[in-house]
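everything below, folded, please.
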Amino acid sequence: MSGSKDYRLFASRLKKAVEKAGERSLKNGGGKIKLPNFPKVEVRGKEIVIINENGEVDYWGLEEDPNTASAIAEEIQKGLQAINYVKYNLVNHLSEVSDELKELGIPEDLIDETLYEGYESLKKWFRELDKNE
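Below is the predicted model of the structure:
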């Protein structure tokens, strides 16, 4: 088993992420799925920059041709927003799994550790998938 500090830190971060993800709706008023609004990617002159939700701007690179720069920015934005979509959904599902474990009678003091151990085993599984390619 991992140290209690590891899973408690994970659980604390998970709870904060659930609260933050709960503030974001991945569905519009009609119930249609949409990508998160951030990060946004813009072309500023010849620079392509990434704007995070907190307003922080990260430099991505230069592109001489404005049409190519716009196409690249759009592709990057869609990819980054898709990653955030996955992240928000995984956090929400972990929260649901936590609730389900409570319903199954798992003691609350074991739920955080159980989620952490499941998360750790997934990391190992993904590493194994990389090795097998």
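
the chain: strands as residue ranges?
Remark: strands assigned in the chain by DSSP state E are 40-44, 47-51, 57-62.

now render the ones you listed as JSON lines, adding distance to Lys32, mean neighbour count and mean pLDDT.
For the C-beta atoms, the positions are set from N, CA and C on the backbone; glycine is no exception. As requested, the strands of the chain are exported to JSON lines (distance: least, C-beta to C-beta, whole Å; neighbours: other C-beta atoms under 10 Å; pLDDT from 0 to 100):
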{"stretch": "strand 40-44", "distance to Lys32": "20", "mean neighbour count": "17", "mean pLDDT": "97"}
{"stretch": "strand 47-51", "distance to Lys32": "24", "mean neighbour count": "17", "mean pLDDT": "97"}
{"stretch": "strand 57-62", "distance to Lys32": "29", "mean neighbour count": "12", "mean pLDDT": "96"}
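
low-confidence ranges in this structure?
1-31, 133 (pLDDT under 70).

helices along that one, start to end?
Shown for the chain, the helices assigned by DSSP state H span residues 4-22, 66-103, 108-131.

let's have these in JSON lines, adding distance to Leu35 and mean neighbour count.
As requested, those are arranged in JSON lines below (distance: least, C-beta to C-beta, whole Å; neighbours: other C-beta atoms under 10 Å):
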{"stretch": "helix 4-22", "distance to Leu35": "14", "mean neighbour count": "14"}
{"stretch": "helix 66-103", "distance to Leu35": "4", "mean neighbour count": "14"}
{"stretch": "helix 108-131", "distance to Leu35": "23", "mean neighbour count": "12"}
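
export these to a markdown table and tack on distance to Trp60?
Supplementary listing: those in a markdown table, determined by distance: least, C-beta to C-beta, whole Å:
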| stretch | distance to Trp60 |
| --- | --- |
| helix 4-22 | 24 |
| helix 66-103 | 7 |
| helix 108-131 | 25 |
